[in-house]
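> Next input, structure requested:
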Amino acid sequence: MKLVVLTSRFPFPLDKGDKLRAYYQIKELSKHFDVYLISLTDRPISESEKRELTPYCKSVDIQYLQTNKRYLNLASNVISDMPWQVRYFYDCDIAHHIDMMIEEINPDHIYVQLIRMAPYVRNVAHKKSIDYMDSVGLNMAQIGLNQFKRIPFLNKIERRRCQRYESKLFSEFDAQYIISHRDRKAIDTSGKHDVHVVSNGVDTDYFDFVSNQQCEYQAAFIGNLGYVHNDKAAHYLIDEIMPLMTDDFRVLIAGSRPSEWLNIKQRSNIRVFGYTDDIREYYRKARVIVAPIYSGSGQQNKILEAMSLGIPCVTTSFVNESIGAEPGEEILIADDPKRFSGDMLALQFDQELFNKLSYAGRNMVKERFDWSKVTKPLIESIKCNSKES
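Numbering: from 1, shown residues only. All right, here's what the predicted structure looks like:
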């Protein structure tokens, strides 16, 4: 069966959640379908990056969307009801190219990642499905449009547009997917649509278990620091939690796009690091992973990856809602600075608790969040909703 996959960013390197999700889903989908990948990009894609996808794809088609066109798209969208972040990724010439590609491939199914790619296939007659990934209306962490968070009335307009657009797409696709039950509720409050929950997974071989070792840092927070919810969490860790710790308690904060504010906040026991090709090196520097996140959408890959490595995690009940780990057995839950500091200290000195969380967390991720397992509902749904079914 032929499957066309459309993504708004080339799925490598794995430095953003949508790219990671697309890469591993394509890897699993290729075991059941002939995958034809069509990706937009705003930067040159090297041959080495392209080779990361070619083993799993019959063809890899990369379409360059120029930056000046993106901003012209925004300017032309003033009187439209289309969300700005959808218009930002749409180009008429690329749309014509995709139409020709689809006609030539004649796929049994088209799989679209994110609402920003929906306009490219709205008029095609083929069976198609969409991965909302998470609810944009709930999250409003717009990629490339983060300046809206500083302009409340534009943020409000965009949020309403996204919510209407997300709902409108229900009738245009044969199947819909989303990352968590919380996002499912946000995207379809009526409960009338059968939106399939397809969670993120972990490459449990890559994030392999490492037994306890002497660590350079007592705790770490790791994530894409350019996202507002992760930036807020880093602020919270430094301003609310660290004042409750002793001066020799060392914390690492790491991830892409750290703000100037974070770099200024560095001192002897708080270190900030940027992007690395292998995120495991940051995880393994810390005895405990913390994630004081109280807002956002989707699922926190950082927690699942750390648990897969056997590193105990302390996070909020908000984050655990989309993970479902057993508090006190597989994960520790803290919803205020005092509880965070207490749990972080407990894991430094209570080796029995440390070992329990380490082994139980690893086992939970392996049993429930291996990519082959979490992608199974997606594969079954696409087969069910394809032309040949």
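> In what element of secondary structure is residue 129 found?
strand 128-133 (DSSP states H and E).
> From the rest of the structure, what touches that strand?
17-18, 21, 109-115, 118, 121, 166, 169, 173-179, 183, 187, 195, 198, 298, 378, 381-382, 385 (C-beta atoms under 8 Å, 6 or more residues apart in numbering). Just so you know, the C-beta spots here come from the backbone N, C-alpha and C atoms, and that holds for glycine as well.
> and that strand, how far out from the chain's middle?
14 Å (C-alpha atoms, centre = their mean, to the nearest Å).
> per-residue confidence averaged over that strand?
Strand 128-133 shows a mean pLDDT of 94.
> what are the pairing partners of that strand, and which direction each?
strand 109-113 (parallel), strand 175-178 (parallel) (DSSP bridges).
> Of the ones you listed, flag the one that's most buried.
Burial of the strands paired with strand 128-133 is given as mean neighbour count (mean count of other C-beta atoms under 10 Å); strand 109-113 ranks first at a mean of 26.
> quick one: average pLDDT of that strand?
Averaged over strand 109-113, pLDDT sits at 97.
> what's in contact with it?
1-8, 18, 21-22, 29, 33, 102, 118, 120-121, 124, 126-131, 133, 173, 382, 385-387.
> again, 7 Å this time
Identification of contacts with strand 109-113 by C-beta atoms under 7 Å, 6 or more residues apart in numbering yields 3-8, 18, 22, 102, 118, 121, 124, 126-131, 133, 382, 385-387.
> Pull out the CA atoms of stretch 95-105 and give them to me as CSV.
Output in CSV follows, covering the C-alpha atoms of stretch 95-105 (Å, rounded to 0.1, in the frame of the first residue of the first chain):
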residue,chain,number,x,y,z
ALA,A,95,0.6,23.3,-3.4
HIS,A,96,0.7,22.8,-7.2
HIS,A,97,3.8,20.6,-6.9
ILE,A,98,2.2,18.5,-4.2
ASP,A,99,-1.0,18.0,-6.3
MET,A,100,1.2,16.7,-9.2
MET,A,101,3.1,14.4,-6.8
ILE,A,102,-0.1,12.9,-5.4
GLU,A,103,-1.5,12.4,-8.9
GLU,A,104,1.7,10.6,-10.0
ILE,A,105,2.0,8.4,-6.8
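> related to what we said a few turns ago, just the buried residues out of the contacts of strand 109-113, in ChimeraX syntax.
Of the contacts of strand 109-113, the buried ones can be selected in ChimeraX as follows, counting by 16 or more other C-beta atoms under 10 Å:
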select :3,4,5,6,7,8,18,22,102,118,121,126,127,128,129,130,131,133,382,385,386
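> Give me the subset of the contacts of strand 109-113 that lies in helices.
18, 22, 102, 382 (DSSP state H).
> and residue 379, what is it in contact with?
So residue 379 contacts 28, 29, 32 (C-beta under 7 Å, 6+ apart).
> Please give the element, helix or strand, for it.
Counting by DSSP H and E, residue 379 is found in helix 376-384.
> for that helix, what is the average pLDDT?
Mean predicted lDDT for helix 376-384 stands at 95.
> go on, stretch 228-242?
For stretch 228-242, the per-residue pLDDT averages 93.
> Tell me the span between the first and last residue of it.
20 Å (C-alpha to C-alpha, to the nearest Å).
> Go ahead and name everything in contact with it.
141, 146, 149, 221, 223-225, 251, 253, 255, 259, 262, 265, 270, 290-293, 295-296, 337, 340-341.
> Could you do stretch 359-370 as well?
Contacts of stretch 359-370 (C-beta under 7 Å, 6+ apart): 199, 201-202, 204, 209, 304, 307-308, 310, 312-313, 325, 329-331.
> CA atoms only for that stretch, dumped as CSV, please.
C-alpha atoms of stretch 359-370 as CSV (Å, rounded to 0.1, in the frame of the first residue of the first chain):
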residue,chain,number,x,y,z
TYR,A,359,13.9,0.4,37.5
ALA,A,360,10.1,0.9,37.6
GLY,A,361,10.2,3.9,35.4
ARG,A,362,12.4,2.2,32.8
ASN,A,363,10.0,-0.9,32.8
MET,A,364,6.9,1.3,32.4
VAL,A,365,8.4,3.1,29.4
LYS,A,366,9.5,-0.1,27.8
GLU,A,367,6.1,-1.8,28.3
ARG,A,368,3.9,1.2,27.3
PHE,A,369,5.8,3.7,25.3
ASP,A,370,8.1,1.9,22.9
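> That one: how far from the chain's middle?
19 Å.
> Over to stretch 5-21?
9 Å.
> again, but for stretch 16-25
7 Å.
> so what's residue 120 closest to, chain neighbours aside?
Leaving aside its sequence neighbours, residue 120 sits nearest to residue 98 (C-beta to C-beta, 6 or more residues apart in numbering; 5.1 Å).
> low-confidence ranges in the stretch 51-200 of the chain?
73-79, 135-153, 188-193 (pLDDT under 70).
> re the thing from before, mind putting the ones in helices among the contacts of strand 109-113 into JSON lines with distance to residue 69?
Output for the ones in helices among the contacts of strand 109-113, formatted as JSON lines (distance: C-beta to C-beta, whole Å):
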{"residue": "18", "distance to residue 69": "21"}
{"residue": "22", "distance to residue 69": "23"}
{"residue": "102", "distance to residue 69": "22"}
{"residue": "382", "distance to residue 69": "31"}
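> And those residues, which two are furthest apart?
18 and 102 (21.4 Å; C-beta to C-beta).
> Look at residue 306 and report its pLDDT.
96.
> Give me the number of neighbouring residues for residue 324.
14 (other C-beta atoms under 10 Å).
> C-alpha coordinates for the helix holding residue 379, CSV please?
Taking Å, rounded to 0.1, in the frame of the first residue of the first chain, the C-alpha atoms of helix 376-384 are listed here in CSV:
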residue,chain,number,x,y,z
LYS,A,376,0.2,0.5,16.4
PRO,A,377,-3.2,2.3,16.6
LEU,A,378,-2.1,4.7,13.9
ILE,A,379,-1.1,1.8,11.6
GLU,A,380,-4.4,0.0,12.1
SER,A,381,-6.4,3.2,11.5
ILE,A,382,-4.6,4.0,8.3
LYS,A,383,-5.1,0.5,7.0
CYS,A,384,-8.8,0.6,7.9
